[in-house]
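> structural data only, the sequence is not supplied:
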(Lines give C-alpha, C1' and ligand atoms only; values in the text may rest on other atoms or scores of the structure.)
Protein backbone atom coordinates (compact mmCIF):
# COMPACT_ATOMS: atom_id res chain seq x y z
CA UNK A 1 0.00 0.00 0.00
CA UNK A 2 1.27 3.45 -0.90
CA UNK A 3 2.01 5.41 2.27
CA UNK A 4 1.83 9.13 2.87
CA UNK A 5 4.96 9.98 4.79
CA UNK A 6 7.06 12.87 6.01
CA UNK A 7 10.84 12.52 5.96
CA UNK A 8 13.70 14.59 7.27
CA UNK A 9 11.42 17.27 8.62
CA UNK A 10 13.63 19.31 10.92
CA UNK A 11 12.55 20.95 14.16
CA UNK A 12 14.40 23.28 16.48
CA UNK A 13 14.70 22.54 20.20
CA UNK A 14 11.89 24.98 20.80
CA UNK A 15 9.65 23.16 18.32
CA UNK A 16 9.83 25.30 15.18
CA UNK A 17 9.82 23.70 11.73
CA UNK A 18 10.79 26.91 9.97
CA UNK A 19 12.00 30.33 10.92
CA UNK A 20 9.88 33.48 10.75
CA UNK A 21 9.55 35.89 7.80
CA UNK A 22 10.10 33.59 4.82
CA UNK A 23 11.09 35.45 1.68
CA UNK A 24 13.12 34.94 -1.48
CA UNK A 25 16.38 35.23 0.46
CA UNK A 26 15.19 33.01 3.31
CA UNK A 27 13.29 30.06 1.84
CA UNK A 28 13.33 28.39 5.27
CA UNK A 29 12.56 31.57 7.20
CA UNK A 30 15.10 33.59 9.13
CA UNK A 31 17.48 31.17 10.85
CA UNK A 32 15.71 28.18 9.34
CA UNK A 33 18.72 26.96 7.44
CA UNK A 34 20.36 25.91 10.70
CA UNK A 35 17.68 23.25 11.08
CA UNK A 36 18.93 21.50 7.97
CA UNK A 37 22.71 21.61 8.35
CA UNK A 38 22.71 17.92 9.31
CA UNK A 39 21.06 17.08 5.99
CA UNK A 40 23.12 19.43 3.83
CA UNK A 41 26.23 17.70 5.18
CA UNK A 42 25.18 14.26 3.95
CA UNK A 43 26.33 12.49 0.82
CA UNK A 44 22.72 12.21 -0.33
CA UNK A 45 22.19 15.98 -0.27
CA UNK A 46 25.57 16.76 -1.78
CA UNK A 47 24.73 14.46 -4.65
CA UNK A 48 21.27 15.99 -5.11
CA UNK A 49 22.83 19.39 -5.54
CA UNK A 50 25.53 18.11 -7.84
CA UNK A 51 28.36 17.91 -5.34
CA UNK A 52 30.74 15.23 -4.15
CA UNK A 53 31.64 13.92 -0.73
CA UNK A 54 29.41 14.39 2.27
CA UNK A 55 28.82 12.27 5.34
CA UNK A 56 27.75 8.67 5.35
CA UNK A 57 26.19 6.98 8.36
CA UNK A 58 22.90 7.50 10.12
CA UNK A 59 22.19 11.06 8.95
CA UNK A 60 22.81 10.00 5.39
CA UNK A 61 20.72 6.87 5.75
CA UNK A 62 17.75 8.96 6.88
CA UNK A 63 18.31 11.46 4.07
CA UNK A 64 18.50 8.70 1.47
CA UNK A 65 15.47 6.87 2.86
CA UNK A 66 13.48 10.03 2.30
CA UNK A 67 14.01 9.72 -1.44
CA UNK A 68 13.60 5.93 -1.73
CA UNK A 69 10.34 4.52 -3.07
CA UNK A 70 8.81 7.97 -3.48
CA UNK A 71 6.50 8.22 -6.51
CA UNK A 72 5.11 11.70 -5.90
CA UNK A 73 5.42 14.65 -3.55
CA UNK A 74 2.95 17.06 -2.00
CA UNK A 75 4.12 20.56 -1.06
CA UNK A 76 2.41 23.49 0.54
CA UNK A 77 2.55 26.61 -1.51
CA UNK A 78 5.09 28.34 0.72
CA UNK A 79 7.47 25.46 0.27
CA UNK A 80 7.14 26.01 -3.46
CA UNK A 81 7.84 29.71 -3.30
CA UNK A 82 7.60 33.04 -1.52
CA UNK A 83 4.76 34.42 -3.65
CA UNK A 84 1.37 34.86 -1.91
CA UNK A 85 -2.02 35.43 -3.52
CA UNK A 86 -2.77 34.95 -7.23
CA UNK A 87 0.18 34.01 -9.45
CA UNK A 88 1.34 37.24 -11.13
CA UNK A 89 2.77 35.29 -14.08
CA UNK A 90 4.38 31.94 -14.89
CA UNK A 91 7.91 33.03 -14.01
CA UNK A 92 8.28 31.39 -10.59
CA UNK A 93 9.11 27.71 -10.95
CA UNK A 94 10.22 26.83 -7.43
CA UNK A 95 13.38 27.40 -5.42
CA UNK A 96 15.37 24.69 -7.12
CA UNK A 97 16.30 25.83 -10.64
CA UNK A 98 15.57 24.01 -13.90
CA UNK A 99 16.22 20.52 -12.58
CA UNK A 100 14.57 20.24 -9.15
CA UNK A 101 15.57 17.42 -6.79
CA UNK A 102 12.21 15.60 -6.98
CA UNK A 103 12.33 13.74 -10.32
CA UNK A 104 8.68 12.73 -9.93
CA UNK A 105 5.35 14.59 -10.09
CA UNK A 106 4.95 17.20 -7.34
CA UNK A 107 1.52 18.43 -6.25
CA UNK A 108 1.46 21.96 -4.88
CA UNK A 109 -1.44 23.05 -2.67
CA UNK A 110 -2.69 26.52 -3.56
CA UNK A 111 -5.88 28.52 -3.67
CA UNK A 112 -4.91 29.96 -7.03
CA UNK A 113 -5.10 27.89 -10.23
CA UNK A 114 -2.13 27.60 -12.50
CA UNK A 115 -1.14 25.34 -15.39
CA UNK A 116 1.18 22.42 -14.71
CA UNK A 117 4.90 22.89 -15.39
CA UNK A 118 7.27 20.25 -16.72
CA UNK A 119 10.82 20.64 -15.51
CA UNK A 120 14.03 18.85 -16.40
CA UNK A 121 14.92 15.53 -14.80
CA UNK A 122 11.40 14.12 -14.49
CA UNK A 123 9.97 16.70 -12.09
CA UNK A 124 6.60 18.22 -12.90
CA UNK A 125 4.65 20.69 -10.77
CA UNK A 126 0.86 20.41 -10.59
CA UNK A 127 -1.24 22.99 -8.77
CA UNK A 128 -4.13 21.63 -6.73
CA UNK A 129 -6.85 24.07 -5.69
CA UNK A 130 -9.42 21.66 -4.27
CA UNK A 131 -7.82 20.71 -1.00
CA UNK A 132 -5.61 18.19 0.72
CA UNK A 133 -7.71 15.10 -0.01
CA UNK A 134 -7.78 15.88 -3.74
CA UNK A 135 -4.03 16.47 -3.74
CA UNK A 136 -3.42 13.14 -2.01
CA UNK A 137 -5.65 11.31 -4.45
CA UNK A 138 -3.85 12.80 -7.43
CA UNK A 139 -0.46 12.15 -5.87
CA UNK A 140 -1.33 8.52 -5.12
CA UNK A 141 -2.46 8.09 -8.71
CA UNK A 142 0.78 9.55 -10.00
CA UNK A 143 2.91 7.52 -7.56
CA UNK A 144 1.79 4.22 -9.12
CA UNK A 145 2.05 2.20 -5.93
CA UNK A 146 5.09 3.97 -4.53
CA UNK A 147 4.81 6.22 -1.49
CA UNK A 148 3.81 9.86 -1.48
CA UNK A 149 6.17 12.17 0.40
CA UNK A 150 4.72 15.21 2.10
CA UNK A 151 7.37 17.91 2.05
CA UNK A 152 5.97 20.70 4.18
CA UNK A 153 5.72 23.32 5.44
CA UNK A 154 4.34 23.18 8.92
CA UNK A 155 0.78 24.25 8.04
CA UNK A 156 0.53 21.62 5.32
CA UNK A 157 1.81 18.82 7.52
CA UNK A 158 -0.54 19.88 10.29
CA UNK A 159 -3.52 19.68 7.94
CA UNK A 160 -2.63 16.15 6.86
CA UNK A 161 -1.90 15.06 10.44
CA UNK A 162 -5.24 16.39 11.68
CA UNK A 163 -6.99 14.51 8.88
CA UNK A 164 -5.26 11.31 10.03
CA UNK A 165 -3.65 10.80 6.63
CA UNK A 166 0.06 10.65 7.50
CA UNK A 167 1.29 7.12 8.17
CA UNK A 168 4.84 7.98 9.18
CA UNK A 169 6.70 11.09 10.21
CA UNK A 170 10.47 11.29 10.48
CA UNK A 171 11.55 14.35 12.43
CA UNK A 172 15.09 15.57 12.93
CA UNK A 173 15.50 17.65 16.08
CA UNK A 174 18.41 20.01 15.57
CA UNK A 175 20.35 21.41 18.53
CA UNK A 176 19.41 25.01 17.82
CA UNK A 177 16.88 27.50 19.10
CA UNK A 178 14.84 29.53 16.62
CA UNK A 179 12.88 31.61 19.11
CA UNK A 180 9.97 32.14 16.74
CA UNK A 181 8.53 30.74 13.55
CA UNK A 182 6.05 27.97 12.83
CA UNK A 183 5.62 25.31 15.46
CA UNK A 184 4.76 21.82 14.25
CA UNK A 185 2.89 20.69 17.37
CA UNK A 186 1.01 23.95 18.02
CA UNK A 187 -2.63 23.11 18.65
CA UNK A 188 -2.02 19.53 17.61
CA UNK A 189 -2.47 16.59 19.98
CA UNK A 190 -0.28 14.01 18.26
CA UNK A 191 -0.97 11.44 20.96
CA UNK A 192 -4.73 11.69 20.56
CA UNK A 193 -4.28 11.45 16.79
CA UNK A 194 -2.76 8.04 17.42
CA UNK A 195 0.94 8.74 16.91
CA UNK A 196 3.69 7.12 18.94
CA UNK A 197 7.44 7.38 18.79
CA UNK A 198 8.59 4.12 17.20
CA UNK A 199 12.24 4.97 16.63
CA UNK A 200 14.75 7.28 18.26
CA UNK A 201 18.33 7.46 17.09
CA UNK A 202 20.83 10.21 17.50
CA UNK A 203 24.02 11.41 15.89
CA UNK A 204 26.43 14.16 16.75
CA UNK A 205 24.35 16.50 14.56
CA UNK A 206 20.76 15.77 15.27
CA UNK A 207 18.19 13.52 16.97
CA UNK A 208 16.14 11.44 14.57
CA UNK A 209 12.66 10.47 15.67
CA UNK A 210 10.11 8.43 13.79
CA UNK A 211 6.44 8.80 14.69
CA UNK A 212 3.86 6.37 13.38
CA UNK A 213 0.20 5.74 13.95
CA UNK A 214 -0.44 2.86 16.26
CA UNK A 215 -4.23 3.19 16.21
CA UNK B 1 29.37 33.44 41.53
CA UNK B 2 26.33 31.45 42.52
CA UNK B 3 24.34 30.48 39.41
CA UNK B 4 20.64 29.94 39.01
CA UNK B 5 20.31 26.79 36.94
CA UNK B 6 17.81 24.22 35.76
CA UNK B 7 18.92 20.59 35.55
CA UNK B 8 17.38 17.43 34.19
CA UNK B 9 14.24 19.19 33.11
CA UNK B 10 12.53 16.73 30.78
CA UNK B 11 10.51 17.62 27.70
CA UNK B 12 8.46 15.46 25.38
CA UNK B 13 9.00 15.48 21.62
CA UNK B 14 6.01 17.77 21.32
CA UNK B 15 7.50 20.19 23.83
CA UNK B 16 5.66 19.46 27.06
CA UNK B 17 7.42 19.63 30.41
CA UNK B 18 4.59 17.96 32.28
CA UNK B 19 1.42 16.13 31.43
CA UNK B 20 -2.06 17.57 31.90
CA UNK B 21 -4.29 17.27 35.01
CA UNK B 22 -1.75 17.03 37.79
CA UNK B 23 -3.20 15.56 40.99
CA UNK B 24 -2.10 13.55 44.00
CA UNK B 25 -1.85 10.36 41.87
CA UNK B 26 -0.09 12.12 38.99
CA UNK B 27 2.51 14.51 40.41
CA UNK B 28 3.94 14.95 36.89
CA UNK B 29 0.56 15.16 35.19
CA UNK B 30 -1.04 12.35 33.22
CA UNK B 31 1.66 10.58 31.24
CA UNK B 32 4.34 12.84 32.68
CA UNK B 33 6.26 10.04 34.34
CA UNK B 34 7.41 8.81 30.93
CA UNK B 35 9.47 11.99 30.57
CA UNK B 36 11.60 10.97 33.51
CA UNK B 37 12.21 7.26 32.92
CA UNK B 38 15.77 8.05 31.78
CA UNK B 39 16.47 9.68 35.15
CA UNK B 40 14.71 7.09 37.30
CA UNK B 41 16.95 4.46 35.69
CA UNK B 42 20.19 6.12 36.80
CA UNK B 43 22.32 5.20 39.76
CA UNK B 44 21.96 8.74 41.10
CA UNK B 45 18.17 8.51 41.25
CA UNK B 46 18.16 4.97 42.61
CA UNK B 47 20.41 6.11 45.41
CA UNK B 48 18.27 9.17 46.14
CA UNK B 49 15.27 6.97 46.65
CA UNK B 50 17.18 4.48 48.74
CA UNK B 51 17.80 1.84 46.06
CA UNK B 52 20.82 0.11 44.61
CA UNK B 53 22.09 -0.33 41.07
CA UNK B 54 20.98 1.90 38.22
CA UNK B 55 22.76 3.02 35.11
CA UNK B 56 26.06 4.79 34.98
CA UNK B 57 27.23 6.81 31.98
CA UNK B 58 25.94 10.01 30.45
CA UNK B 59 22.40 9.91 31.84
CA UNK B 60 23.78 9.34 35.29
CA UNK B 61 26.41 12.05 34.89
CA UNK B 62 23.72 14.59 34.04
CA UNK B 63 21.55 13.41 36.94
CA UNK B 64 24.44 13.64 39.38
CA UNK B 65 25.55 17.04 38.08
CA UNK B 66 22.09 18.32 38.92
CA UNK B 67 22.75 17.69 42.59
CA UNK B 68 26.37 18.83 42.71
CA UNK B 69 27.22 22.25 44.19
CA UNK B 70 23.55 23.04 44.87
CA UNK B 71 23.04 25.09 48.02
CA UNK B 72 19.33 25.79 47.68
CA UNK B 73 16.36 25.01 45.46
CA UNK B 74 13.41 27.01 44.20
CA UNK B 75 10.17 25.21 43.36
CA UNK B 76 6.85 26.36 42.02
CA UNK B 77 3.96 25.51 44.23
CA UNK B 78 2.63 22.79 41.95
CA UNK B 79 5.94 21.03 42.10
CA UNK B 80 5.58 21.06 45.87
CA UNK B 81 2.08 19.64 45.85
CA UNK B 82 -1.35 19.27 44.27
CA UNK B 83 -3.13 21.68 46.65
CA UNK B 84 -4.31 24.98 45.15
CA UNK B 85 -5.42 28.13 46.97
CA UNK B 86 -4.90 28.77 50.71
CA UNK B 87 -3.27 25.96 52.69
CA UNK B 88 -6.10 24.11 54.46
CA UNK B 89 -3.70 22.95 57.21
CA UNK B 90 -0.07 22.03 57.76
CA UNK B 91 -0.47 18.38 56.71
CA UNK B 92 0.99 18.51 53.19
CA UNK B 93 4.77 18.42 53.29
CA UNK B 94 5.64 17.70 49.69
CA UNK B 95 5.56 14.59 47.51
CA UNK B 96 8.71 13.08 48.96
CA UNK B 97 8.02 11.79 52.48
CA UNK B 98 9.86 12.71 55.69
CA UNK B 99 13.32 12.84 54.14
CA UNK B 100 13.04 14.68 50.81
CA UNK B 101 15.85 14.37 48.23
CA UNK B 102 16.97 18.02 48.54
CA UNK B 103 19.02 18.11 51.77
CA UNK B 104 19.27 21.91 51.54
CA UNK B 105 16.80 24.79 51.99
CA UNK B 106 14.00 24.78 49.40
CA UNK B 107 12.05 27.94 48.58
CA UNK B 108 8.49 27.36 47.40
CA UNK B 109 6.72 30.08 45.44
CA UNK B 110 3.15 30.55 46.57
CA UNK B 111 0.55 33.29 46.99
CA UNK B 112 -0.45 31.88 50.37
CA UNK B 113 1.74 32.33 53.44
CA UNK B 114 2.75 29.37 55.53
CA UNK B 115 5.33 28.73 58.24
CA UNK B 116 8.61 27.07 57.26
CA UNK B 117 8.93 23.31 57.73
CA UNK B 118 12.07 21.46 58.78
CA UNK B 119 12.31 17.96 57.36
CA UNK B 120 14.77 15.14 57.99
CA UNK B 121 18.09 15.00 56.15
CA UNK B 122 18.74 18.74 55.97
CA UNK B 123 15.79 19.75 53.81
CA UNK B 124 13.67 22.69 54.90
CA UNK B 125 10.74 24.22 53.02
CA UNK B 126 10.24 27.98 53.06
CA UNK B 127 7.21 29.61 51.50
CA UNK B 128 7.83 32.80 49.57
CA UNK B 129 4.86 35.02 48.82
CA UNK B 130 6.59 38.09 47.45
CA UNK B 131 7.64 36.87 44.03
CA UNK B 132 10.45 35.30 42.05
CA UNK B 133 13.10 37.92 42.76
CA UNK B 134 12.55 37.66 46.51
CA UNK B 135 12.71 33.88 46.30
CA UNK B 136 15.97 34.03 44.39
CA UNK B 137 17.48 36.46 46.86
CA UNK B 138 16.55 34.26 49.80
CA UNK B 139 17.78 31.14 48.00
CA UNK B 140 21.11 32.75 47.13
CA UNK B 141 21.53 33.78 50.74
CA UNK B 142 20.83 30.26 51.93
CA UNK B 143 23.08 28.70 49.26
CA UNK B 144 26.18 30.38 50.73
CA UNK B 145 28.00 30.68 47.42
CA UNK B 146 26.79 27.43 45.92
CA UNK B 147 24.34 27.40 43.02
CA UNK B 148 20.58 27.64 43.25
CA UNK B 149 18.69 24.96 41.36
CA UNK B 150 15.32 25.85 39.91
CA UNK B 151 13.21 22.71 39.92
CA UNK B 152 10.06 23.62 38.05
CA UNK B 153 7.40 23.36 36.93
CA UNK B 154 7.02 24.94 33.54
CA UNK B 155 5.33 28.17 34.68
CA UNK B 156 8.02 28.81 37.28
CA UNK B 157 10.87 28.22 34.86
CA UNK B 158 9.20 30.46 32.29
CA UNK B 159 8.97 33.29 34.80
CA UNK B 160 12.65 33.08 35.64
CA UNK B 161 13.64 32.76 31.97
CA UNK B 162 11.60 35.83 31.02
CA UNK B 163 13.26 37.76 33.81
CA UNK B 164 16.67 36.78 32.41
CA UNK B 165 17.69 35.14 35.67
CA UNK B 166 18.53 31.58 34.56
CA UNK B 167 22.19 31.10 33.65
CA UNK B 168 21.98 27.51 32.47
CA UNK B 169 19.23 25.13 31.49
CA UNK B 170 19.78 21.41 31.01
CA UNK B 171 16.87 19.83 29.15
CA UNK B 172 16.34 16.15 28.49
CA UNK B 173 14.19 15.48 25.44
CA UNK B 174 12.50 12.14 25.89
CA UNK B 175 11.32 10.10 22.89
CA UNK B 176 7.66 10.27 23.84
CA UNK B 177 4.65 12.31 22.84
CA UNK B 178 2.41 13.77 25.54
CA UNK B 179 -0.16 15.40 23.29
CA UNK B 180 -1.10 18.03 25.85
CA UNK B 181 0.18 19.57 29.05
CA UNK B 182 2.45 22.49 29.77
CA UNK B 183 4.80 23.58 27.04
CA UNK B 184 8.11 25.07 28.13
CA UNK B 185 8.64 27.26 25.07
CA UNK B 186 5.05 28.49 24.69
CA UNK B 187 5.11 32.24 24.26
CA UNK B 188 8.81 32.31 25.06
CA UNK B 189 11.46 33.48 22.60
CA UNK B 190 14.51 31.76 24.03
CA UNK B 191 16.72 33.09 21.27
CA UNK B 192 15.75 36.69 21.91
CA UNK B 193 16.31 36.11 25.63
CA UNK B 194 19.90 35.34 24.73
CA UNK B 195 20.00 31.56 25.07
CA UNK B 196 21.99 29.29 22.78
CA UNK B 197 22.49 25.55 22.70
CA UNK B 198 26.00 25.01 24.05
CA UNK B 199 25.92 21.24 24.47
CA UNK B 200 24.06 18.41 22.80
CA UNK B 201 24.66 14.81 23.76
CA UNK B 202 22.46 11.82 23.36
CA UNK B 203 22.02 8.38 24.84
CA UNK B 204 19.73 5.52 23.96
CA UNK B 205 17.17 6.96 26.38
CA UNK B 206 17.14 10.68 25.84
CA UNK B 207 18.72 13.73 24.18
CA UNK B 208 20.50 16.02 26.60
CA UNK B 209 20.68 19.67 25.66
CA UNK B 210 22.30 22.50 27.58
CA UNK B 211 21.15 26.06 26.93
CA UNK B 212 23.10 28.99 28.26
CA UNK B 213 22.95 32.74 27.90
CA UNK B 214 25.51 34.06 25.49
CA UNK B 215 24.46 37.67 25.78
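Arrived safely. All of these numbers come straight from a predicted model, not from anything done at the bench.
> count the neighbours of residue A:91 for me.
7 (other CB atoms under 10 Å in any protein chain shown). For glycine as for every other residue, the C-beta is placed from the backbone atoms N, C-alpha and C.
> name the element it belongs to?
For residue A:91, there is no helix or strand it lies in under DSSP states H and E.
> go on, residue A:125?
strand A:124-128.
> packing partners of that strand?
Here strand A:124-128 touches strand A:105-109, strand A:117-118, helix A:131-143, going by 3 or more CB pairs under 8 Å, 6 or more residues apart in numbering or on different chains; DSSP states H and E.
> and the angle for it with strand A:105-109?
30 degrees (axes from the mean of the first three to the mean of the last three CA atoms, to 10 degrees).
> parallel or antiparallel, list what pairs with strand A:124-128.
strand A:105-109 (parallel), strand A:117-118 (antiparallel) (DSSP bridges).
> quick one, it and helix A:131-143 angle?
Put simply, strand A:124-128 runs at 150 degrees to helix A:131-143, going by the same axes, to 10 degrees.
> so how far is strand A:124-128 off the chain centroid?
Here strand A:124-128 is found 15 Å from its chain centre; the criterion is CA atoms, centre = their mean, to the nearest Å.
> check stretch A:208-215 too.
A distance of 16 Å separates the centroid of the chain from that of stretch A:208-215, by CA atoms, centre = their mean.
> helix, strand, or coil at residue A:20?
coil (DSSP: H, G, I helix; E, B strand; the rest coil).
> pretty sure it is touching residue A:28, no?
No. With contact defined as CB atoms under 8 Å, residue A:20 and residue A:28 do not form a contacting pair (10.6 Å).
> quick check: which of the helices and strands packed on strand A:124-128 is buried the most?
Compared across the helices and strands packed on strand A:124-128, strand A:105-109 shows the largest average neighbour count, a mean of 24 (mean count of other CB atoms under 10 Å in any protein chain shown).
> residues in contact with that one?
For strand A:105-109, the external contacting residues (CB atoms under 8 Å, 6 or more residues apart in numbering or on different chains) are A:71-77, A:80, A:100, A:123-128, A:131-132, A:135, A:138-139, A:142-143, A:156.
> any idea how far the most centrally placed residue in chain A is from chain B?
Here the mean C-alpha position of chain A is nearest to the C-alpha of residue A:151 (CA atoms, centre = their mean), at a distance of 1.9 Å. Separation of residue A:151 from chain B (CB to the nearest CB, to the nearest Å): 20 Å.
> thought that residue was touching residue A:73?
Yes. If you go by CB under 8 Å, residue A:151 and residue A:73 touch, sitting 5.5 Å apart.
> which residues of chain A lie near chain B?
Applying CB under 8 Å from any CB of the partner chain, one finds that chain A approaches chain B through A:13-15, A:31, A:171, A:173, A:175-180, A:183, A:185, A:188-192, A:195-197, A:200, A:202-204, A:207, A:209, A:211.
> now the buried members of these.
A:13-15, A:31, A:171, A:173, A:175-180, A:183, A:185, A:188, A:190-191, A:195, A:197, A:200, A:202-203, A:207, A:209, A:211 (16 or more other CB atoms under 10 Å in any protein chain shown).
> residue A:84: neighbour count?
By other CB under 10 Å, 10 other residues sit near residue A:84.
> which residues of chain A fall in strands?
Secondary structure of chain A (DSSP state E): strands at A:4-11, A:16-18, A:70-75, A:105-109, A:117-118, A:124-128, A:147-152, A:168-173, A:182-183, A:195-202, A:207-213.
> quick one: low-confidence ranges for chain A?
A:215 (pLDDT under 70).
> try 80 this time
The model of chain A has pLDDT under 80 over residues A:1, A:24, A:214-215.
> still on that earlier bit, using TSV, lay out the strands of chain A together with distance to residue B:105.
Converted to TSV, those look like this (distance: least, CB to CB, whole Å):
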stretch	distance to residue B:105
strand A:4-11	38
strand A:16-18	38
strand A:70-75	56
strand A:105-109	57
strand A:117-118	68
strand A:124-128	62
strand A:147-152	49
strand A:168-173	36
strand A:182-183	38
strand A:195-202	37
strand A:207-213	36
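> identify whichever of those strands lies nearest to residue A:52.
Distance to residue A:52, taken as CB to CB, is lowest for strand A:4-11 among these, at 20.6 Å.
> what is the closest one packed up against?
In terms of contacts (3+ CB pairs under 8 Å, 6+ apart), strand A:4-11 is packed against strand A:16-18, helix A:37-40, helix A:58-65, strand A:147-152, helix A:154-162, strand A:168-173.
> deepest of the ones you listed, which one?
strand A:16-18 (a mean of 28).
> what's that one packed up against?
strand A:4-11, helix A:154-162, strand A:182-183.
> quick one: which of these is nearest residue B:64?
Residue B:64 sits nearest to strand A:4-11 of all the helices and strands packed on strand A:16-18, at 29.1 Å, using CB to CB.
> note down every partner strand of the closest one and its orientation.
Strand A:4-11 is paired, per DSSP bridges, with strand A:147-152 (parallel), strand A:168-173 (parallel).
> now the first one and helix A:154-162, what's the angle there?
Relative orientation of strand A:147-152 with respect to helix A:154-162: 130 degrees, computed using the same axes, to 10 degrees.
> again, but for the last one
Compare the direction of strand A:168-173 with that of helix A:154-162 by the same axes, to 10 degrees and you get 140 degrees.
> and the contacts of strand A:168-173?
Contacts of strand A:168-173 (CB under 8 Å, 6+ apart): A:3, A:5-13, A:35, A:38-39, A:62, A:65-66, A:157, A:161, A:184, A:195, A:206-212, B:13, B:173, B:207.
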